[in-house]
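Colleague: This is a predicted model, with the sequence first.
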Amino acid sequence: MATLETLSDHVYDICENAVRSKSSVCELTIFEDDENFRFIINDHGCGMNQEELMHAISPFYTTKEQRKKKLGVGLPFLKFSSELTGGYFKIESEKLIGTKVDVLFKKSNIDCQPVGNLPETLFMIIYMDKNTDWKIIRGFREDAYELDSKDLKEQYGNLFYENSFMIEIKKIITELENQIKQGGLE
């Protein structure tokens, strides 16, 4: 995702950071109700020391290899966007332990971006990297569902990466989202 136009884009962007941290297991929790959209991403990767953490929200700082005019704008824009809505941005990190990003958007604020295509985003996160397993908890109002890519990989083996199965996973996520938004899971 090249631009960060929706809340789902922000979720995906920070999940990419978690994968780049070389974490073999990452957790994504998304809670949403009529007023708030909150997500928490926790990785167990390389983490950042205090100096790197201080710079992490600066658009002129990146841990990526320097490329032509490539700046790390994901975290700074996420912080700006969430706080603009009256929400918050929190980040904790410890070198060689991992990083936790906790963000809240106030959906009722006129400056809040739309949620976007969350089922598509969750699908792309699950298949983002073969070496990273995702534990996802998705809550909407009083209901929730969970996805665990490690369990799916163990249950379905090589089938997990076949196109026809991937299409089914995408349909399942979409159906779960539809059910949770329409008042509950069956």
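Modeller: Nice, thanks for sending it over.
Colleague: show me where this protein has strands.
Modeller: Using DSSP state E, the strands of the chain run over residues 25-32, 36-43, 88-94, 98-106, 133-140, 143-148.
Colleague: Partner strands of the shortest one, with direction?
Modeller: Here strand 143-148 is paired, per DSSP bridges, with strand 133-140 (antiparallel).
Colleague: burial of the spatially closest residue to D148 that is not a sequence neighbour, as a residue count?
Modeller: With sequence-adjacent residues excluded and distances taken as C-beta to C-beta, 6 or more residues apart in numbering, D148 is closest to K135, at 5.2 Å. Quick note: C-beta positions are derived from backbone N, CA and C, even for glycine. As a burial measure, K135 scores 16 neighbours (other C-beta atoms under 10 Å).
Colleague: so K135 makes contact with S23?
Modeller: No - counting by C-beta atoms under 8 Å, K135 does not reach S23; the two are 11.4 Å apart.
Colleague: What helices and strands are in contact with the longest helix seen in the chain?
Modeller: In the chain, with assignment by DSSP state H, the single longest helix is helix 163-181. Judged by 3 or more C-beta pairs under 8 Å, 6 or more residues apart in numbering; DSSP states H and E, the packing partners of helix 163-181 are helix 118-126, strand 133-140, strand 143-148.
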